[in-house]
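1. sequence unknown, structure follows:
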């Protein structure tokens, strides 16, 4: 599991250039992000104020824009982050800010509020470092405020210039310094069927599911973050839109679009408060080392979002991309159970995928989840498969065919619901994680445990982790965390390019191998599933190995005596679901 110091490395760093259109020179002030503490801070010559992660979770910084007078007042009172001004068509140089590589550099400008700024105003910026240029799209954040966000991937002095169909937003220019990274960056595909951060550090997804946690009460959201921080999970599947389903009947505090009192959505006007809240929660997740596997569409809806027209879908998607792409810990899940969204076809999702592929400047991971009809994961715009299944035997063949990672994002949940998908026990869920890993894939957790005295009706909204978050009550997280430790222990010096367990073809007993930097087997992990041999003769690759007997549920590792090579006969326990690990000496 990630240590406290490792989690601290993954913080979101943000420097903001802000303007109210004043002409005063803030040349005596600068903006710098620091990583010497668990959370980033906005820093100025006058001191600092904490970032959102340092405040109580119910206190969000929603607007760092300020006038010169406000900035000086705040600096004198509490140590403010002072920000240079520029928002005219005539390019002027802004004072250079500093932000680490993979942090967020943000520009804020005032602009028109008349008509519909969401649809009438276009705003982009080009960021350049030497011969490398990245074009990003800005967005309207309400209240006459426009923002552009950029995540640098290379150290150095980046220069920017804005373009807009609005005179006062066009031609703004400046620069900032991207300092060496203090986090690992976005997650990418690595070694065909595995993952690594942008800096090459291996990443093994041990995820969980909490679909509608951001749509619950503030207190419950804080509890969810605390639970995640103390859990083995480093990814969470979560929805943008609120959810209406069995055991999900509450109203969200915020709606993603402006909505009349009679419930009519204006799909041309996103709700800035909703998206400010969403991005705050994504930042909160990054602060504890958790990837946000963000589900963009789903069929469980009573508000009208699943039946938006194609043009409305595209507009919504582009707005999300403009606001959120600069977050390093984002994964894009196009839909949950896409095939149940009867107003959309597979071709519609093809189009949506291509929008994301084209307009996300950072190439975040992309997939889609299904109920019964599997999406064609061979499309080039898909980075990994997202299965709803609990049969793992064909996984090595799928990896060989797709040459992509396989995630089993829904294998049923530890719980006691009346529904078949929500009532396996914790040990069985742990075994399913083992089956997935031993076949070269990854598995996602979920929990649906009702209180013993719960009413016998689905027309209630108890706090279930799978939907609402809160506390984890099940037994499976401990066993999943134990497995995650075993997988992370397969990393050897210099083997990051080939990190990850690779399933062996047509094994007698299921096993997977992790290789070292020279291509030699470093770790061999066996899982016997329902089989319970008293002893077995193992045919080992070249070299000498230590052996350890592993009990996945007791989470116990017992070293076996001797060094082993060639054909090694070992005595096992007469029980199901046992495992064995060989490590080359």
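-> Looks like it came in fine. For clarity, every value in this text was computed on a predicted model and none was experimentally measured.
2. Confidence-wise, which helix or strand of the protein is lowest on average?
-> Taking mean pLDDT, DSSP states H and E as the measure, the chain has strand 41-44 as its least confident helix or strand, at a mean of 27.
3. list the buried ones in stretch 171-181?
-> 171, 172, 173, 174, 175, 176, 177, 178, 179, 181 (16 or more other CB atoms under 10 Å). (C-beta placed from N, C-alpha, C; glycine too.)
4. nearest to residue 397, of those?
-> Ranked by distance to residue 397 (CB to CB), those are led by residue 181 at 37.5 Å.
5. OK, contacts around the residue nearest to that closest one when sequence neighbours are not counted?
-> Spatial nearest neighbour of residue 181, chain neighbours left out: residue 101 (3.9 Å); criterion: CB to CB, 6 or more residues apart in numbering. For residue 101, the contacting residues are 152, 153, 154, 155, 178, 179, 180, 181, 185, by CB atoms under 8 Å, 6 or more residues apart in numbering.
6. Sitting in strands, which of these do you find?
-> Among the contacts of residue 101, the members found in strands (DSSP state E) are 178, 179.
7. what's the most distant pair in the buried residues of stretch 171-181?
-> Spatially, the most separated pair among the buried residues of stretch 171-181 is 171 and 181, at 30.8 Å (CB to CB).
8. could you pull out the strands for the stretch 301-450 of the chain?
-> Remark: strands assigned in the stretch 301-450 of the chain by DSSP state E, counting those that start in this stretch are 330-333, 366-367, 385-388, 406-410, 414-415, 442-443, 447-448.
9. Turn those into CSV, including mean pLDDT and distance to residue 474.
-> Converted to CSV, the strands of the stretch 301-450 of the chain look like this (pLDDT from 0 to 100; distance: least, CB to CB, whole Å):
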stretch, mean pLDDT, distance to residue 474
strand 330-333, 98, 23
strand 366-367, 98, 25
strand 385-388, 98, 20
strand 406-410, 98, 16
strand 414-415, 98, 4
strand 442-443, 98, 15
strand 447-448, 98, 5
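10. could you redo those strands as TSV and give each row mean neighbour count?
-> Output for those, formatted as TSV (neighbours: other CB atoms under 10 Å):
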stretch	mean neighbour count
strand 330-333	24
strand 366-367	22
strand 385-388	24
strand 406-410	25
strand 414-415	26
strand 442-443	25
strand 447-448	24
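11. how about CSV for those strands, with distance to residue 552 added?
-> Listed next are the strands of the stretch 301-450 of the chain as CSV, based on distance: least, CB to CB, whole Å:
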stretch, distance to residue 552
strand 330-333, 27
strand 366-367, 27
strand 385-388, 22
strand 406-410, 17
strand 414-415, 15
strand 442-443, 13
strand 447-448, 18
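12. mind listing the helices in the stretch 151-300 of the chain by residue range?
-> Using DSSP state H, counting those that start in this stretch, the helices of the stretch 151-300 of the chain run over 218-229, 272-287.
13. and residue 106, which of the ones you listed is closest to it?
-> Of all those, helix 272-287 sits nearest to residue 106, with 10.9 Å by CB to CB.
14. for the closest one, what is the average pLDDT?
-> If you average the pLDDT over helix 272-287, you get 98.
15. from the chain's centre, how far out does that helix sit?
-> Relative to the centre of its chain, helix 272-287 is centred 12 Å away, using CA atoms, centre = their mean, to the nearest Å.
16. And stretch 198-212, end to end?
-> Across stretch 198-212, the terminal residues are separated by 29 Å (CA to CA, to the nearest Å).
17. Skipping adjacent residues, who's closest to residue 503 in space?
-> The nearest residue in space to residue 503 (CB to CB, 6+ apart) is residue 440, at 3.8 Å.
18. now the one you found: how far from residue 410?
-> 18 Å (CB to CB, to the nearest Å).
19. same thing with residue 325?
-> For residue 325, the distance to residue 410 - CB to CB - is 26 Å.
20. thinking again about what came up before, I figured the residue nearest to residue 503 was touching residue 407, is that so?
-> No - contact criterion CB atoms under 8 Å: residue 440 and residue 407 do not qualify, at 11.4 Å.
21. Show me the shaky parts of this structure.
-> Along the chain, the model assigns pLDDT under 70 to residues 1-96.
22. picking up where we left off before, return the closest of the contacts of residue 101 with respect to residue 164.
-> Residue 164 lies nearest to residue 152 out of those, by CB to CB, at 21.9 Å.
23. my read: that closest one touches residue 178, true?
-> Yes - using CB under 8 Å, residue 152 makes contact with residue 178 at a distance of 3.8 Å.
24. tell me, what's touching the two both at once?
-> Counting by CB under 8 Å, 6+ apart, the residues touching both residue 152 and residue 178 are 99, 101, 103, 105, 129, 158.
25. What about residue 560, how many residues nearby?
-> By other CB atoms under 10 Å, the residues close to residue 560 number 16.
26. Not counting its neighbours along the chain, what's nearest it?
-> Per CB to CB, 6+ apart, closest to residue 560 is residue 547, 4.3 Å.
27. pretty sure the one you found is in contact with residue 580, am I right?
-> Yes - judged on CB under 8 Å, residue 547 makes contact with residue 580 at a distance of 6.5 Å.
28. Do you have the helices of the stretch 401-550 of the chain handy? List them.
-> Secondary structure of the stretch 401-550 of the chain (DSSP H, counting those that start in this stretch): helices at 426-438, 465-468, 476-488.
29. The first one: which residues count as buried?
-> The neighbour-count criterion (16+ other CB under 10 Å) identifies 426, 429, 430, 431, 432, 433, 434, 435, 436, 437, 438 as the buried residues of helix 426-438.
30. ok, now how distant is the residue lying closest to the fifth one once chain neighbours are set aside from residue 429?
-> With CB to CB, 6+ apart as the criterion, residue 432 has its nearest non-adjacent residue at 4.7 Å, and that residue is residue 411. Taking CB to CB as the measure, residue 411 and residue 429 are separated by 7 Å.
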